[in-house]
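Colleague: how would this look folded up:
(4 chains)
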Protein chains: 2
Amino acid sequence: MDRLDRKILRLLQEDSTLAVADLAKKVGLSTTPCWRRIQKLEEEGVIRKRVALLDPAKVNAQVTVFVSIRTSAHSHEWLKRFSEVVVDFPEVVEFYRMSGDVDYLLRVVVPDIAAYDNFYKRLIQRIEIRDVSSSFAMQQIKYTTELPLDYLVVDGGRSSDS
Amino acid sequence: MDRLDRKILRLLQEDSTLAVADLAKKVGLSTTPCWRRIQKLEEEGVIRKRVALLDPAKVNAQVTVFVSIRTSAHSHEWLKRFSEVVVDFPEVVEFYRMSGDVDYLLRVVVPDIAAYDNFYKRLIQRIEIRDVSSSFAMQQIKYTTELPLDYLVVDGGRSSDS
DNA sequence: TCCGTCCATGGATCGTCTTGATCGCAAAAT
DNA sequence: ATTTTGCGATCAAGACGATCCATGGACGGA
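Modeller: Modelled structure (predicted):
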(Lines give C-alpha, C1' and ligand atoms only; values in the text may rest on other atoms or scores of the structure.)
Protein backbone atom coordinates (compact mmCIF):
# COMPACT_ATOMS: atom_id res chain seq x y z
CA MET A 1 0.00 0.00 0.00
CA ASP A 2 1.81 3.08 -1.16
CA ARG A 3 1.22 6.56 -2.47
CA LEU A 4 0.00 5.24 -5.82
CA ASP A 5 -2.59 2.95 -4.27
CA ARG A 6 -3.81 5.88 -2.27
CA LYS A 7 -4.22 7.97 -5.39
CA ILE A 8 -6.13 5.17 -7.05
CA LEU A 9 -8.45 4.88 -4.06
CA ARG A 10 -8.98 8.61 -3.93
CA LEU A 11 -10.04 8.71 -7.55
CA LEU A 12 -12.24 5.63 -7.45
CA GLN A 13 -14.02 6.95 -4.38
CA GLU A 14 -15.03 9.94 -6.44
CA ASP A 15 -15.91 8.20 -9.67
CA SER A 16 -15.74 4.49 -10.26
CA THR A 17 -16.57 4.78 -13.95
CA LEU A 18 -13.08 6.06 -14.76
CA ALA A 19 -11.45 3.88 -17.39
CA VAL A 20 -8.31 2.13 -16.27
CA ALA A 21 -6.27 3.94 -18.90
CA ASP A 22 -7.46 7.37 -17.72
CA LEU A 23 -6.98 6.42 -14.10
CA ALA A 24 -3.48 5.24 -14.90
CA LYS A 25 -2.66 8.52 -16.59
CA LYS A 26 -3.84 10.56 -13.62
CA VAL A 27 -1.95 8.37 -11.21
CA GLY A 28 1.21 8.34 -13.27
CA LEU A 29 1.31 4.69 -14.22
CA SER A 30 0.70 2.73 -17.36
CA THR A 31 -2.49 0.76 -17.65
CA THR A 32 -1.27 -2.74 -16.88
CA PRO A 33 0.32 -2.14 -13.45
CA CYS A 34 -2.52 0.20 -12.60
CA TRP A 35 -5.03 -2.48 -13.46
CA ARG A 36 -3.15 -4.99 -11.34
CA ARG A 37 -3.21 -2.66 -8.36
CA ILE A 38 -6.95 -2.22 -8.66
CA GLN A 39 -7.38 -5.98 -8.79
CA LYS A 40 -5.31 -6.38 -5.67
CA LEU A 41 -7.22 -3.70 -3.81
CA GLU A 42 -10.43 -5.50 -4.66
CA GLU A 43 -9.10 -8.92 -3.67
CA GLU A 44 -7.86 -7.55 -0.36
CA GLY A 45 -11.28 -6.05 0.25
CA VAL A 46 -10.02 -2.48 0.51
CA ILE A 47 -12.50 -1.74 -2.25
CA ARG A 48 -15.67 -3.24 -0.87
CA LYS A 49 -18.05 -2.68 -3.74
CA ARG A 50 -19.07 -0.28 -6.48
CA VAL A 51 -22.48 1.27 -6.29
CA ALA A 52 -24.69 3.91 -7.85
CA LEU A 53 -25.64 6.85 -5.65
CA LEU A 54 -29.10 8.27 -6.19
CA ASP A 55 -30.46 11.74 -5.66
CA PRO A 56 -32.55 11.60 -2.47
CA ALA A 57 -35.00 14.24 -3.70
CA LYS A 58 -35.56 12.46 -6.99
CA VAL A 59 -36.54 9.24 -5.28
CA ASN A 60 -38.69 10.99 -2.70
CA ALA A 61 -36.46 10.31 0.28
CA GLN A 62 -35.18 13.77 1.10
CA VAL A 63 -35.86 14.02 4.83
CA THR A 64 -33.32 12.71 7.31
CA VAL A 65 -34.31 11.96 10.88
CA PHE A 66 -31.91 10.98 13.63
CA VAL A 67 -33.47 8.69 16.16
CA SER A 68 -31.85 8.37 19.57
CA ILE A 69 -32.80 5.34 21.58
CA ARG A 70 -32.21 4.74 25.28
CA THR A 71 -32.81 1.26 26.58
CA SER A 72 -32.17 0.67 30.27
CA ALA A 73 -31.01 -2.92 30.84
CA HIS A 74 -32.46 -5.33 28.36
CA SER A 75 -31.94 -9.03 27.76
CA HIS A 76 -29.59 -10.35 25.16
CA GLU A 77 -32.60 -11.74 23.36
CA TRP A 78 -34.22 -8.34 23.16
CA LEU A 79 -31.06 -6.80 21.77
CA LYS A 80 -30.82 -9.42 19.07
CA ARG A 81 -34.40 -9.00 18.03
CA PHE A 82 -34.11 -5.24 18.20
CA SER A 83 -31.16 -5.24 15.80
CA GLU A 84 -32.88 -7.55 13.37
CA VAL A 85 -36.05 -5.51 13.31
CA VAL A 86 -34.28 -2.21 12.82
CA VAL A 87 -31.90 -3.46 10.14
CA ASP A 88 -34.86 -4.76 8.17
CA PHE A 89 -36.34 -1.34 7.55
CA PRO A 90 -35.07 0.08 4.28
CA GLU A 91 -35.68 3.57 5.68
CA VAL A 92 -32.90 2.98 8.21
CA VAL A 93 -29.71 3.73 6.36
CA GLU A 94 -27.39 3.93 9.36
CA PHE A 95 -27.54 2.26 12.74
CA TYR A 96 -24.97 2.61 15.53
CA ARG A 97 -24.52 1.32 19.03
CA MET A 98 -23.27 4.29 20.99
CA SER A 99 -21.34 4.98 24.14
CA GLY A 100 -22.62 7.45 26.69
CA ASP A 101 -26.04 8.86 27.15
CA VAL A 102 -27.75 7.42 24.09
CA ASP A 103 -27.60 3.66 23.50
CA TYR A 104 -28.50 3.50 19.82
CA LEU A 105 -28.60 6.02 17.04
CA LEU A 106 -30.43 5.61 13.74
CA ARG A 107 -30.40 7.69 10.62
CA VAL A 108 -33.75 7.30 8.94
CA VAL A 109 -34.64 8.54 5.48
CA VAL A 110 -38.24 9.35 4.50
CA PRO A 111 -40.16 11.71 2.19
CA ASP A 112 -41.75 13.84 4.90
CA ILE A 113 -42.83 14.07 8.51
CA ALA A 114 -46.00 12.12 7.93
CA ALA A 115 -44.01 9.24 6.49
CA TYR A 116 -41.70 9.40 9.47
CA ASP A 117 -44.66 9.13 11.81
CA ASN A 118 -45.79 6.10 9.89
CA PHE A 119 -42.33 4.58 10.07
CA TYR A 120 -42.20 5.22 13.79
CA LYS A 121 -45.53 3.51 14.36
CA ARG A 122 -44.46 0.49 12.38
CA LEU A 123 -41.22 0.34 14.35
CA ILE A 124 -42.70 0.44 17.85
CA GLN A 125 -45.35 -1.97 16.72
CA ARG A 126 -42.73 -4.58 15.90
CA ILE A 127 -40.67 -4.11 19.06
CA GLU A 128 -41.13 -2.46 22.41
CA ILE A 129 -38.73 0.41 22.97
CA ARG A 130 -38.36 2.39 26.16
CA ASP A 131 -37.13 5.84 25.35
CA VAL A 132 -37.06 7.31 21.84
CA SER A 133 -36.22 10.81 20.71
CA SER A 134 -36.30 12.09 17.12
CA SER A 135 -34.38 15.00 15.63
CA PHE A 136 -35.09 16.26 12.14
CA ALA A 137 -32.40 17.49 9.81
CA MET A 138 -33.30 20.78 8.18
CA GLN A 139 -30.51 20.63 5.68
CA GLN A 140 -27.87 18.20 4.54
CA ILE A 141 -24.80 20.38 4.22
CA LYS A 142 -22.39 17.57 3.43
CA TYR A 143 -22.78 13.92 2.64
CA THR A 144 -19.99 11.89 1.18
CA THR A 145 -19.09 8.24 0.90
CA GLU A 146 -15.43 9.16 0.56
CA LEU A 147 -13.44 8.07 3.56
CA PRO A 148 -10.41 10.14 4.51
CA LEU A 149 -7.23 8.52 3.23
CA ASP A 150 -4.93 10.65 5.34
CA TYR A 151 -4.63 7.97 7.98
CA LEU A 152 -3.60 5.23 5.63
CA VAL A 153 -0.21 3.84 6.59
CA VAL A 154 1.90 3.83 3.44
CA ASP A 155 5.38 2.38 3.40
CA GLY A 156 6.88 5.42 1.70
CA GLY A 157 6.33 7.70 4.68
CA ARG A 158 3.48 10.15 5.09
CA SER A 159 3.59 11.93 1.76
CA SER A 160 0.32 13.84 1.76
CA ASP A 161 0.42 13.70 -2.00
CA SER A 162 -2.56 14.53 -4.20
CA MET B 1 -40.69 6.34 -13.88
CA ASP B 2 -42.29 2.96 -13.52
CA ARG B 3 -41.80 -0.39 -11.90
CA LEU B 4 -38.97 -1.27 -14.28
CA ASP B 5 -37.01 1.89 -13.52
CA ARG B 6 -37.39 1.11 -9.88
CA LYS B 7 -35.98 -2.36 -10.37
CA ILE B 8 -33.05 -0.94 -12.28
CA LEU B 9 -32.34 1.55 -9.51
CA ARG B 10 -32.62 -1.11 -6.86
CA LEU B 11 -30.04 -3.27 -8.59
CA LEU B 12 -27.63 -0.47 -9.42
CA GLN B 13 -27.72 0.75 -5.85
CA GLU B 14 -26.43 -2.64 -4.81
CA ASP B 15 -23.87 -3.18 -7.54
CA SER B 16 -23.09 -0.77 -10.32
CA THR B 17 -20.72 -3.15 -12.08
CA LEU B 18 -23.60 -5.26 -13.39
CA ALA B 19 -23.41 -5.55 -17.16
CA VAL B 20 -26.37 -4.05 -18.97
CA ALA B 21 -27.27 -7.42 -20.44
CA ASP B 22 -27.41 -9.08 -17.02
CA LEU B 23 -29.29 -6.17 -15.55
CA ALA B 24 -31.77 -6.36 -18.40
CA LYS B 25 -32.30 -10.06 -17.79
CA LYS B 26 -33.01 -9.54 -14.12
CA VAL B 27 -35.36 -6.68 -14.84
CA GLY B 28 -37.18 -8.48 -17.62
CA LEU B 29 -36.17 -6.31 -20.55
CA SER B 30 -33.87 -6.69 -23.48
CA THR B 31 -30.59 -4.87 -23.38
CA THR B 32 -31.29 -1.92 -25.65
CA PRO B 33 -34.35 -0.48 -23.89
CA CYS B 34 -32.76 -1.25 -20.55
CA TRP B 35 -29.65 0.65 -21.55
CA ARG B 36 -31.76 3.57 -22.72
CA ARG B 37 -33.56 3.71 -19.38
CA ILE B 38 -30.28 3.82 -17.53
CA GLN B 39 -29.15 6.68 -19.73
CA LYS B 40 -32.32 8.57 -18.99
CA LEU B 41 -32.00 8.03 -15.27
CA GLU B 42 -28.49 9.42 -15.45
CA GLU B 43 -29.48 12.41 -17.56
CA GLU B 44 -32.33 13.22 -15.21
CA GLY B 45 -29.91 13.06 -12.31
CA VAL B 46 -31.76 10.31 -10.51
CA ILE B 47 -28.49 8.43 -10.63
CA ARG B 48 -26.07 10.98 -9.24
CA LYS B 49 -22.79 9.18 -9.62
CA ARG B 50 -21.07 5.84 -9.39
CA VAL B 51 -18.47 5.37 -6.72
CA ALA B 52 -16.29 2.78 -5.05
CA LEU B 53 -16.99 2.08 -1.38
CA LEU B 54 -13.97 1.27 0.76
CA ASP B 55 -13.64 -0.79 3.88
CA PRO B 56 -13.24 1.68 6.77
CA ALA B 57 -11.02 -0.66 8.77
CA LYS B 58 -8.72 -1.28 5.83
CA VAL B 59 -8.09 2.43 5.35
CA ASN B 60 -7.69 3.10 9.06
CA ALA B 61 -10.88 5.08 9.48
CA GLN B 62 -12.99 2.74 11.57
CA VAL B 63 -14.13 5.00 14.40
CA THR B 64 -17.25 7.12 13.98
CA VAL B 65 -17.89 10.09 16.22
CA PHE B 66 -21.07 12.13 16.24
CA VAL B 67 -20.47 15.75 17.11
CA SER B 68 -23.38 17.83 18.32
CA ILE B 69 -22.93 21.56 18.10
CA ARG B 70 -25.04 24.23 19.79
CA THR B 71 -24.49 27.79 18.70
CA SER B 72 -26.63 30.43 20.36
CA ALA B 73 -27.25 33.32 17.99
CA HIS B 74 -24.44 33.84 15.55
CA SER B 75 -23.95 36.18 12.63
CA HIS B 76 -24.58 35.16 9.08
CA GLU B 77 -20.89 35.61 8.44
CA TRP B 78 -19.99 33.20 11.20
CA LEU B 79 -22.39 30.60 9.83
CA LYS B 80 -20.91 30.84 6.36
CA ARG B 81 -17.37 30.51 7.61
CA PHE B 82 -18.39 27.70 9.95
CA SER B 83 -19.86 25.68 7.09
CA GLU B 84 -16.83 26.20 4.89
CA VAL B 85 -14.41 25.18 7.58
CA VAL B 86 -16.32 22.07 8.53
CA VAL B 87 -16.94 20.90 4.97
CA ASP B 88 -13.23 21.17 4.26
CA PHE B 89 -12.27 18.46 6.71
CA PRO B 90 -12.13 15.09 4.96
CA GLU B 91 -12.85 13.44 8.30
CA VAL B 92 -16.32 14.99 8.25
CA VAL B 93 -18.38 12.67 6.10
CA GLU B 94 -21.82 14.01 7.06
CA PHE B 95 -22.94 17.42 8.19
CA TYR B 96 -26.51 18.46 8.99
CA ARG B 97 -28.29 21.53 10.19
CA MET B 98 -30.78 20.31 12.73
CA SER B 99 -34.03 21.41 14.25
CA GLY B 100 -34.53 21.35 17.98
CA ASP B 101 -32.01 21.18 20.76
CA VAL B 102 -28.86 20.67 18.69
CA ASP B 103 -28.06 23.11 15.88
CA TYR B 104 -25.56 21.09 13.87
CA LEU B 105 -24.65 17.45 13.76
CA LEU B 106 -21.47 16.02 12.26
CA ARG B 107 -20.42 12.49 11.59
CA VAL B 108 -16.67 12.31 11.80
CA VAL B 109 -14.53 9.35 10.82
CA VAL B 110 -11.09 8.77 12.35
CA PRO B 111 -8.77 5.87 13.26
CA ASP B 112 -8.99 6.23 17.03
CA ILE B 113 -9.77 8.51 19.94
CA ALA B 114 -6.38 10.19 19.80
CA ALA B 115 -6.96 11.12 16.18
CA TYR B 116 -10.36 12.46 17.11
CA ASP B 117 -8.80 14.64 19.75
CA ASN B 118 -6.40 15.94 17.16
CA PHE B 119 -9.22 16.61 14.74
CA TYR B 120 -11.15 18.43 17.44
CA LYS B 121 -8.22 20.67 18.24
CA ARG B 122 -7.72 21.52 14.61
CA LEU B 123 -11.41 22.31 14.27
CA ILE B 124 -11.73 24.69 17.22
CA GLN B 125 -8.47 26.26 16.19
CA ARG B 126 -9.93 27.25 12.86
CA ILE B 127 -13.25 28.54 14.19
CA GLU B 128 -14.66 29.45 17.55
CA ILE B 129 -17.52 27.21 18.58
CA ARG B 130 -19.65 27.63 21.67
CA ASP B 131 -20.97 24.29 22.78
CA VAL B 132 -19.70 20.97 21.44
CA SER B 133 -20.52 17.47 22.57
CA SER B 134 -19.04 14.27 21.14
CA SER B 135 -20.53 10.78 21.14
CA PHE B 136 -18.55 7.77 20.07
CA ALA B 137 -20.04 4.90 18.14
CA MET B 138 -19.08 1.54 19.60
CA GLN B 139 -20.35 -0.41 16.64
CA GLN B 140 -21.70 0.25 13.19
CA ILE B 141 -24.62 -2.15 12.94
CA LYS B 142 -25.87 -0.94 9.58
CA TYR B 143 -24.52 1.39 6.97
CA THR B 144 -25.92 1.52 3.50
CA THR B 145 -25.94 3.96 0.62
CA GLU B 146 -29.14 2.40 -0.71
CA LEU B 147 -32.05 4.77 -0.42
CA PRO B 148 -35.50 3.26 0.10
CA LEU B 149 -37.39 3.13 -3.18
CA ASP B 150 -40.74 2.44 -1.56
CA TYR B 151 -41.73 6.09 -1.72
CA LEU B 152 -41.07 6.51 -5.41
CA VAL B 153 -44.20 7.57 -7.23
CA VAL B 154 -44.60 5.25 -10.19
CA ASP B 155 -47.35 5.74 -12.73
CA GLY B 156 -48.37 2.10 -12.65
CA GLY B 157 -49.78 2.32 -9.11
CA ARG B 158 -47.95 1.19 -6.00
CA SER B 159 -46.86 -2.28 -7.04
CA SER B 160 -44.35 -3.14 -4.31
CA ASP B 161 -42.70 -5.40 -6.82
CA SER B 162 -39.23 -6.85 -6.27
C1' DT C 1 27.35 -8.93 -9.05
C1' DC C 2 22.97 -11.37 -8.97
C1' DC C 3 18.23 -11.54 -7.82
C1' DG C 4 13.66 -9.97 -7.07
C1' DT C 5 10.33 -6.51 -7.71
C1' DC C 6 8.11 -3.29 -10.25
C1' DC C 7 7.30 -0.59 -14.22
C1' DA C 8 6.78 0.40 -19.51
C1' DT C 9 5.48 -1.15 -23.80
C1' DG C 10 3.13 -3.63 -27.33
C1' DG C 11 -0.01 -6.76 -28.87
C1' DA C 12 -3.87 -9.95 -28.99
C1' DT C 13 -8.30 -11.37 -27.55
C1' DC C 14 -12.60 -10.88 -25.86
C1' DG C 15 -16.57 -8.89 -23.92
C1' DT C 16 -19.40 -4.92 -23.48
C1' DC C 17 -21.15 -0.61 -24.71
C1' DT C 18 -23.40 2.16 -27.80
C1' DT C 19 -26.01 3.32 -31.72
C1' DG C 20 -29.08 2.82 -35.60
C1' DA C 21 -32.77 0.56 -38.13
C1' DT C 22 -36.84 -2.12 -38.47
C1' DC C 23 -40.80 -4.61 -36.80
C1' DG C 24 -44.74 -5.63 -33.77
C1' DC C 25 -47.93 -4.81 -30.09
C1' DA C 26 -51.15 -2.34 -27.31
C1' DA C 27 -53.16 1.60 -25.43
C1' DA C 28 -54.89 6.11 -26.36
C1' DA C 29 -56.86 9.32 -29.39
C1' DT C 30 -59.73 10.70 -33.18
C1' DA D 1 -63.10 1.43 -36.30
C1' DT D 2 -58.98 3.35 -37.63
C1' DT D 3 -54.99 5.99 -36.74
C1' DT D 4 -51.45 7.60 -33.96
C1' DT D 5 -48.09 7.11 -30.54
C1' DG D 6 -45.06 5.00 -27.45
C1' DC D 7 -42.86 1.44 -25.86
C1' DG D 8 -40.17 -3.01 -26.41
C1' DA D 9 -37.87 -6.88 -29.25
C1' DT D 10 -34.56 -8.04 -32.32
C1' DC D 11 -30.65 -7.68 -35.36
C1' DA D 12 -26.45 -5.76 -36.66
C1' DA D 13 -22.10 -3.49 -36.46
C1' DG D 14 -18.40 -0.43 -35.00
C1' DA D 15 -15.91 1.44 -31.18
C1' DC D 16 -14.02 0.96 -26.97
C1' DG D 17 -12.20 -0.88 -22.85
C1' DA D 18 -10.84 -4.80 -19.99
C1' DT D 19 -7.87 -8.46 -19.47
C1' DC D 20 -3.91 -11.13 -20.07
C1' DC D 21 0.67 -12.36 -21.82
C1' DA D 22 5.42 -11.59 -23.14
C1' DT D 23 9.46 -8.86 -23.26
C1' DG D 24 12.88 -5.58 -21.67
C1' DG D 25 14.71 -2.12 -18.51
C1' DA D 26 15.49 0.27 -13.95
C1' DC D 27 16.43 0.02 -9.14
C1' DG D 28 17.64 -1.60 -4.54
C1' DG D 29 19.16 -5.14 -1.38
C1' DA D 30 21.84 -9.48 -0.25
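
Colleague: ok, residue A:46 - contacts?
Modeller: Neighbouring residues of residue A:46 by C-beta atoms under 8 Å, 6 or more residues apart in numbering or on different chains: A:1, A:9, B:54-55, B:58-59. C-beta here means a position set from N, CA and C on the backbone, and glycine is covered the same way.

Colleague: how about a cut-off of 10 Å?
Modeller: Going by C-beta atoms under 10 Å, 6 or more residues apart in numbering or on different chains, residue A:46 touches A:1, A:5, A:8-9, A:40, A:152, B:52, B:54-55, B:57-59.

Colleague: of these, which is the nearest to DNA strand D?
Modeller: residue A:40 (11.2 Å; C-beta to the nearest atom of the strand).

Colleague: counting neighbours, what do you get for that closest one?
Modeller: Residues lying near residue A:40 (other C-beta atoms under 10 Å in any protein chain shown) number 13.

Colleague: what helix or strand is it located in?
Modeller: helix A:31-43 (DSSP states H and E).

Colleague: roughly how far does the residue positioned nearest the centre of chain A sit from chain B?
Modeller: Residue closest to the average C-alpha location in chain A (C-alpha atoms, centre = their mean): residue A:145, at 6.1 Å. Applying C-beta to the nearest C-beta, to the nearest Å, the value for residue A:145 to chain B is 6 Å.

Colleague: now the most far-flung residue of chain A relative to its centre: closest residue in space, sequence neighbours ignored.
Modeller: Note on chain A: the largest C-alpha distance from the chain mean falls to residue A:30, namely 31.8 Å (C-alpha atoms, centre = their mean). Nearest residue to residue A:30 in three dimensions, chain neighbours excluded: residue A:24, at 5.8 Å (C-beta to C-beta, 6 or more residues apart in numbering or on different chains).

Colleague: pLDDT at that neighbour, what is it?
Modeller: On pLDDT, residue A:24 comes in at 94.

Colleague: that one and residue A:12, how far apart?
Modeller: In this view, residue A:24 and residue A:12 are 12 Å apart by C-beta to C-beta, to the nearest Å.

Colleague: what does chain A put close to DNA strand D?
Modeller: For chain A, the residues in contact with DNA strand D (C-beta under 7 Å from any atom of the strand) are A:19-21, A:31-32, A:35, A:39.

Colleague: any idea how many residues pack against the closest residue to residue A:34 other than its chain neighbours?
Modeller: Leaving out its chain neighbours, the residue that sits closest to residue A:34 by C-beta to C-beta, 6+ apart is residue A:24, at 3.7 Å. By the criterion of other C-beta under 10 Å, residue A:24 has 21 neighbours.

Colleague: also the one 4 residues further on?
Modeller: When neighbours are defined as other C-beta under 10 Å, residue A:28 has 10 of them.

Colleague: secondary structure element for the spatially closest residue to it that is not a sequence neighbour?
Modeller: Using C-beta to C-beta, 6+ apart and skipping residues adjacent in sequence, the residue nearest residue A:28 is residue A:4, 7.3 Å away. Residue A:4 is located in helix A:3-14, with elements delineated by DSSP H and E.

Colleague: cool, residue A:83 as well?
Modeller: Using DSSP H and E, residue A:83 falls in helix A:76-88.

Colleague: give the buried residues for that helix.
Modeller: Across helix A:76-88, burial judged by 16 or more other C-beta atoms under 10 Å in any protein chain shown covers A:82-83, A:85-86.

Colleague: now do the helix or strand just after it against strand B:92-98, angle only.
Modeller: Per DSSP H and E, the first helix or strand lying C-terminal to helix A:76-88 is strand A:92-98. Strand A:92-98 runs at 100 degrees relative to strand B:92-98, counting by axes from the mean of the first three to the mean of the last three C-alpha atoms, to 10 degrees.
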